[in-house]
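K.L.:
got a sequence here, can you model it:
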Amino acid sequence: MSSKPTQAAAQARMPRQIPFIIANEGCERFSFYGMRNILTTFLAVAFFSNLPKEMAESEAKDIFHIFVAGVYFFPLLGGWISDRFFGKYRTIFWVSIIYCIGHACLAFFEDQPTGFYFGLFLIALGSGGIKPLVASFMGDQFNQQNKHLARLAFDAFYWIINFGSFFASLLMPKLLEGWGPAKWWGLSAASVAFGLPGILMALATLCLVAGRKRFIMVPPAPPDPNSFSRVVRTALTAPGDGFLGRNLALLGVLLALGAVGLIPFAGWTGGKDIVIALCLALVSLLFFGGLGAWMQLDRARGPHPDEAVDGVRSVLRILVIFALVTPFWSLFDQKASTWVFQAGLMAKPDWFSPAQMQALNPALVMLLIPLNNVVIFPALRRRGIEFSQLSRMGLGIALAGASWIAAGSMQLVLDAGHEVNIVWQVLPYALLTAGEVLVSATGLEFAYSQAPAAMKGVIMSFWSLAVTIGNLWVLLVNLTVRRPAVDEAIVQTGMSVAAFQMFFFAGFAFAAALAFRAVAKHYRMVDNYRAS
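P.N.:
Below is the predicted model of the structure:
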């Protein structure tokens, strides 16, 4: 009897519909990274050319990180709509249409800030709206008999992301400089550079439609009287002695209102300041609301079945893991802003664009994923060394910190007036990419496998939200170092602001890695794949 599941698993095949999902993701990622990787360079030159170089780069970086924060915030909306109303496939399809319109705006309004920024908003809405759904939609194609193949599919999924990113990183900076169609046909370089990603996004949508008859469509969950939000509300409002949890949740609400209400009084008048305030409000609600619900969760037993209450506690435990990953994203996303501008200061061939250095990241990912799965981890396993999902993620955060130590060291040399060849930037890229493979590729599988069946879209949204919070940390640090008192204190250290920030973020990552390891020791893994 015990051999039957093993035989079924051995005979299981990769679902035939998986290639359509992977092709969709590859084209979509080319479109996203194609415009993303040239965004800071374009903004600094196109819309802030009247400012001094350092200020123009700073403003461009802020807009870039606001955009990325938006991209990873809107998964909350996409996940909720999918789980409650339309299902994953229909949500992905219709939001992809919005995504395509956003790309069109960038191509047509490359010299008009209002239209261009509206296009960025639509891309953030589109990319963010489908982000948690494509990975979880792929997970829906597996069951208990073939779930052992899901890891290969998720790795292939992450590999194709970087395949698209690699070619986009090489090609788009040259298109922005006027290479190719812009030169041959007399078109605007920016229109071509932002138009090609739109064509790839349209192709991604067509790939999704082509596989629609083969997909397993898991319907949206019906209204659930024992849903996550209802259990949490019962826990916080149930009568009884001791209301510390309720008071903590109330504190979160008050802090959120305070963050928004202080905008006009703190001198925050720009769009980026409002985004910072809204992100801080969200963090306050999640942290204190989640902590308060955890403390009073047993009060929901009785009005709700034990399995619903235990499911909510499981979700809250997952969110703690996600929160500790946010520092990694604050380091990772600056490779498309801070590291690009650092590359501009380095010695390099005349034909090489600083933004093209980003192609190294996806190239290394495509090498490291098969190397890890075929060589490194099997070799360690044969020696009795097994890395769990969480141990891999903790190590990845620490490697990201090491990459910023390397970048900061090079910045010190540049600040001293010495020449640094751009080849040296390979070292931080290699360390950061090794960390990315361990954190992000593993995190996709972790998020899906740990999510309760009724909340897979929303949990994947929270995984994406970690990136929003990571970019919030970047915005807060940038805002802080612009204050005269802080700037003067940094000068007293003998380092430039750029170098100081690099070492600060490295320390931030190391502290997060230690906290992650401590929490991971007590995390109990669960299995939430479909039964059939």
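
K.L.:
how about the helix or strand encompassing Leu399: buried residues?
P.N.:
Using DSSP states H and E, Leu399 falls within helix 389-415. Of the residues in helix 389-415, those buried by neighbour count under the rule 16 or more other CB atoms under 10 Å are 389-412, 414. C-beta coordinates here come from the backbone N, C-alpha and C atoms, glycine included.

K.L.:
where's Leu432, which helix or strand?
P.N.:
helix 426-436.

K.L.:
not counting sequence-adjacent ones, nearest residue to Val426?
P.N.:
Setting aside the residues directly before and after it, Val426 is nearest to Leu360 in space (CB to CB, 6 or more residues apart in numbering), at 6.5 Å.

K.L.:
doesn't Leu345 belong to a strand?
P.N.:
No: according to DSSP: H, G, I helix; E, B strand; the rest coil, Leu345 belongs to no strand; its state is coil.

K.L.:
check contacts around it.
P.N.:
Leu345 is in contact with Leu414, Val420, counting by CB atoms under 8 Å, 6 or more residues apart in numbering.

K.L.:
thinking again about what came up before, does the residue nearest to Val426 touch Leu427 like I think?
P.N.:
No: counting by CB atoms under 8 Å, Leu427 is not a contact partner of Leu360; they are 10.6 Å apart.

K.L.:
neighbour count: these two, which is higher?
P.N.:
Remark: of Leu360 and Leu427, Leu360 carries more neighbours, 20 against 15, as counted by other CB atoms under 10 Å.

K.L.:
secondary structure class for that one?
P.N.:
Under three-state DSSP, Leu360 falls in the helix class.

K.L.:
what does the pLDDT read for it?
P.N.:
Looking at Leu360, its pLDDT stands at 90.

K.L.:
please shift the residue numbers so they start at 882 in all later answers.
P.N.:
That works, and once the first residue is 882, the last one we named lands at Leu1241.

K.L.:
and it, how far from Leu1001?
P.N.:
25 Å (CB to CB, to the nearest Å).

K.L.:
over to Leu1226?
P.N.:
Using CB to CB, Leu1226 is found at 27 Å from Leu1001.

K.L.:
how about the helices in the stretch 882-1031 of the chain?
P.N.:
All helices of the stretch 882-1031 of the chain, identified by DSSP state H, counting those that start in this stretch, fall at 884-892, 899-917, 920-927, 934-952, 956-962, 968-989, 994-1021, 1031-1057.

K.L.:
these: which one's closest to Leu1252?
P.N.:
Closest of the helices of the stretch 882-1031 of the chain to Leu1252 is helix 1031-1057, at 11.4 Å (criterion: CB to CB).

K.L.:
and for the residue nearest to Arg1032 when sequence neighbours are not counted, the neighbour number?
P.N.:
Of all residues not flanking Arg1032 in the chain, Glu1326 sits nearest, at 6.0 Å (CB to CB, 6+ apart). Neighbour count for Glu1326, taken as other CB under 10 Å: 19.

K.L.:
got a pLDDT number for Glu1326?
P.N.:
As predicted, Glu1326 sits at a pLDDT of 75.

K.L.:
cool, Met1082 as well?
P.N.:
The model reports Met1082 with a pLDDT of 94.

K.L.:
now find how far off-centre stretch 1346-1357 is within its chain.
P.N.:
Here stretch 1346-1357 is found 10 Å from its chain centre; the criterion is CA atoms, centre = their mean, to the nearest Å.

K.L.:
give the buried residues for it.
P.N.:
For stretch 1346-1357, burial by neighbour count (16+ other CB under 10 Å) applies to Leu1346, Ala1347, Val1348, Thr1349, Ile1350, Gly1351, Asn1352, Leu1353, Trp1354, Val1355, Leu1356.

K.L.:
now swap in stretch 1294-1311 and tell me
P.N.:
Applying a neighbour-count criterion of 16+ other CB under 10 Å, one finds Leu1295, Val1301, Ile1303, Gln1306, Pro1309, Tyr1310, Ala1311 buried in stretch 1294-1311.

K.L.:
nearest to Arg1262, of those residues?
P.N.:
Within the buried residues of stretch 1294-1311, the smallest distance to Arg1262 is 23.8 Å, found for Ala1311 (CB to CB).

K.L.:
can you give me the pLDDT of the closest one?
P.N.:
94.

K.L.:
name the SS class of Arg1405, please.
P.N.:
Arg1405 ends up coil, using three-state DSSP.

K.L.:
can you count the residues close to it?
P.N.:
Arg1405 has 7 neighbours, counted by other CB under 10 Å.

K.L.:
which element is the closest residue to it other than its chain neighbours on?
P.N.:
Closest residue to Arg1405 apart from its sequence neighbours, by CB to CB, 6+ apart: Arg1198 at 7.9 Å. Counting by DSSP H and E, the element that carries Arg1198 is helix 1187-1213.

K.L.:
that helix: which residues count as buried?
P.N.:
Buried, per 16+ other CB under 10 Å, within helix 1187-1213: 1189-1190, 1192-1213.

K.L.:
which secondary structure elements does that helix contact?
P.N.:
helix 1109-1118, helix 1152-1177, helix 1270-1296, helix 1307-1317, helix 1323-1331, helix 1337-1362, helix 1378-1401 (3 or more CB pairs under 8 Å, 6 or more residues apart in numbering; DSSP states H and E).

K.L.:
looking at the buried residues of stretch 1346-1357, which one is closest to Ser912?
P.N.:
Val1348 (18.0 Å).

K.L.:
in this structure, what spans have low per-residue confidence?
P.N.:
Applying pLDDT under 70 to the chain flags the ranges 882-893, 1061-1067, 1122-1123, 1143-1154, 1335-1339, 1342, 1408-1413.

K.L.:
contacts only, for the spatially most central residue of it.
P.N.:
Among the residues of the chain, the one closest to the centroid is Val1348, at 4.1 Å (CA atoms, centre = their mean). By CB under 8 Å, 6+ apart, Val1348 lies in contact with Val949, Ala950, Val952, Tyr953, Thr1207, Trp1210, Asp1214.
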